[in-house]
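Participant: mind looking at a prediction? Sequence and model below.
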Amino acid sequence: MINASNQSGRRILSFPAVHPCESVSPATLLASLISLSQAICSFQSKFFPTQRRNSREIIRQLGIILLFLEEIRDRGVPISDAVSLCFSELHLCLQKIHFLLSDCTREGARLWMLMKSEHVATQFRVLTRALATALDVLPLSSIEICDEVKEVVELVAKQAQKVKLELDPHDELTTKQVISVLYQFERGIEPNLSIMKRTLNYLGIKNWNDCNREVKFLEDEVNFNCSEGDEREVPFLSSLVGYLCYCRVVIFETLDFQQTAATDPSETRCSTEMINFINPHDFRCPISLQLMTDPVTVSTGQTYDRSSIQKWLKAGNRTCPKTGEKLTNTELVPNTTLRKLIHQFCAENGVSASTAQSGHRSRDITRTIVPGSTASAHAMQFLSWFIAGRLVFGTEEQKNKATYEIRVLARSNIFNRACLIEVGTVPSLLNLLDTNDKSMQENAISALLKLAKHNNGQTTIMESEGLKPILMVLKNGISLEARQTAAAIIFYLSSTRENRKVIGENAEAIPALVELINEETAAFGKKNAIVAIFGLLLLPQNHHKVIEANTVPALVSILASSSSQKSDLTTDCLAVLAALAENEEGAKAVSKACGLSLIVGLLQMVTWRTGKEHCVSILMSLSVHVGEEVVAVLAKDPTLMPWLYSLLTDGTCHAAKKARSLIKLLHEFNDTRTSQWVTSSVVPQRSLHIW
């Protein structure tokens, strides 16, 4: 039988009731009906923000039905097939009633149920009629119980047919008040707080956490509707989100930071595969403005798509299209690091490179670039000005709350980030980093992280000379959480060439990141520092500085430790080593750190394809740049070749290409060595014969 309390995964105002199977025994069916009735009656002690009269009426009716069912059970009355059939229909009806009452008392859905009150009242009427029908056809005369109980059940059936379950006048009035506030927002008028306070009081939304639960529920509804392609209600849902966000920020002044301000690791955890936040403009060819599929770098250091720059050169041009500088040569150097980033960017965003080139992006990814409705847009603009004022003129407690509100508002909404940046919150947040208050520093640096995911946020941070205070937190932050968040900001700031240059030229930046890697910190603290370095390596001039800061030994140490069993951390370390090994200095540094045997071992140990690809890439780079001594070691390892051949069929395209090149190199080395042995053993014999 269905478990009425198990509603996991059920969407609100959906009633996935299951009809009892025909083979169920009468005793089991009766027991399940009693359990359902008891569950419905238990709602009597719960708070109904809306539909209070309708809920009380249907619970009262079920209380009488429960007595009737318990009478049958206690007397051991036999149940005929006709009664079982009616009980089966009654069971279906009670399931739906239980679902409806659960929705009416659901935490976080109070405002939405209010705005759906007319529809909900209709559902109460429909289910009450269904209950009346099930009782009306019930053959009471065949059930051997006292007449008094039968009469009560008959009375309930008649009342259920006649009762008027209408929209509660108080619900209707409150709904109109909410709509009037939304209309004011839509017209760009800041609403009267007293009206909004009355609505919150009516719904029992008493504090910041209550209000935040309401916001989260509505945001989930928006995301679900968008994912299902049904966006008819999205504008209205977005308006309600704006309404509640305004209430949460402006009306509820206090926030229990001990419970809610602790840094969520998911907020600050970065990865080399989190490239969907990296500026996609860096992935577009300056000539074609399309996503690059084969990025190459010319002598001026600028990167273009191979096909575009080749057309430019074939036309007789000998200058850099972007800078106008004269090209010292026409050599096109493959930018393999950027190519990996582009491939990961496409994979993360669920599009193919060809789709991305044509300019089509998933609506789910870009949905929050624009506001969901005019009302939500104006609400966010009012909020942004309110928060900006609190950051400057508020008390310490108000400033702290304002920083946390930015974290929440900007977490997953691009439009919100743009609004907050536009009103000047970034300089204020940077000023708040120099504090002895742990909570303030953590909230301010986390808020900056959210804003740094926006292009304008990165620009504003750099223009406000924000690198210095961020590096201060990275080096000497009050808490580890603040320091690793600062490292994550460096990662996002490194999304543009100009920022990579500025950060790389700062003598403290890269050493501070390496210091964080070397510390006994949580894995995602190391990860943030590693991927920040990975972003800086997109600028070739930073390679020497990264090597000089002893990054390679730090990464090799992580890979050699037990923490290397964590696939994501290992992948990030290997990605940085692969990028460094692409030039001679980096390859020699990896080889010097005893990385060769370690990489060979990891190739055979790691089970994820990205990790194997990085391993093969490193081995190939070492073979090319370090030379014969590396190839000789690899050629002697009998376990290596089978793994390389397996990558030809099981690896990614890039891994297969690298494996094929390495196999060819090893075969050529073995052939050369064999030829030299033959020459040294055969040629001298011929000489003796001639003499």
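Facilitator: Looks like it came in fine.

Participant: what's the first helix or strand after the helix-or-strand element of the chain with minimal mean pLDDT?
Facilitator: Here the helix or strand of the chain ranked lowest by mean pLDDT, DSSP states H and E is helix 363-366, holding a mean of 43. Downstream of helix 363-366, the next assigned helix or strand under DSSP states H and E is helix 374-393.

Participant: tell me which residues in that next one are buried?
Facilitator: Residues of helix 374-393 classed as buried: 374-384, 386-388, 390-391 (neighbour count, 16 or more other CB atoms under 10 Å). Every C-beta, even on glycine, is put in place using the N, C-alpha and C of the backbone.

Participant: packing partners of the helix or strand that comes right after it?
Facilitator: Later in the chain than helix 374-393, the nearest helix or strand by DSSP H and E is helix 396-409. Packing partners of helix 396-409 (3 or more CB pairs under 8 Å, 6 or more residues apart in numbering; DSSP states H and E): helix 257-260, helix 374-393, helix 414-422, helix 425-432, helix 438-452.

Participant: apart from its chain neighbours, what residue comes closest to residue 235?
Facilitator: Closest residue to residue 235 apart from its sequence neighbours, by CB to CB, 6 or more residues apart in numbering: residue 373 at 4.1 Å.

Participant: burial count for residue 635?
Facilitator: 18 (other CB atoms under 10 Å).

Participant: can you pull the phi/psi pair for it?
Facilitator: Per-residue torsions, residue 635: phi -70, psi -30 (degrees, to the nearest 10).

Participant: likewise for the one 4 residues further on?
Facilitator: Main-chain dihedrals, residue 639, degrees, to the nearest 10: phi -90, psi -10.

Participant: low-scoring stretches of the stretch 401-550 of the chain, by residue?
Facilitator: 521-522 (pLDDT under 70).

Participant: make it 80
Facilitator: 520-524 (pLDDT under 80).

Participant: give me the buried positions along stretch 479-490.
Facilitator: Applying 16+ other CB under 10 Å to stretch 479-490 flags 479, 481, 482, 483, 484, 485, 486, 487, 488, 489, 490 as buried.

Participant: secondary structure for those residues - can I get that in JSON lines?
Facilitator: Shown next, in JSON lines, are the buried residues of stretch 479-490 (DSSP: H, G, I helix; E, B strand; the rest coil):
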{"residue": "479", "secondary structure": "coil"}
{"residue": "481", "secondary structure": "helix"}
{"residue": "482", "secondary structure": "helix"}
{"residue": "483", "secondary structure": "helix"}
{"residue": "484", "secondary structure": "helix"}
{"residue": "485", "secondary structure": "helix"}
{"residue": "486", "secondary structure": "helix"}
{"residue": "487", "secondary structure": "helix"}
{"residue": "488", "secondary structure": "helix"}
{"residue": "489", "secondary structure": "helix"}
{"residue": "490", "secondary structure": "helix"}
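
Participant: let me know the closest of the residues you listed to residue 43.
Facilitator: Distance to residue 43 across the buried residues of stretch 479-490 (CB to CB) is lowest for residue 481, with 41.8 Å.

Participant: wait, the residue nearest to residue 235 sits on residue 238?
Facilitator: Yes - between residue 373 and residue 238 a contact is recorded at 4.5 Å, counting by CB atoms under 8 Å.

Participant: so if I had to pick from the two, which one is more boxed in?
Facilitator: Shown here are residue 373 and residue 238; by other CB under 10 Å, residue 238 has more neighbours (25 against 21).

Participant: can you tell me which helix or strand that one belongs to?
Facilitator: Going by DSSP H and E, residue 238 is in helix 234-246.
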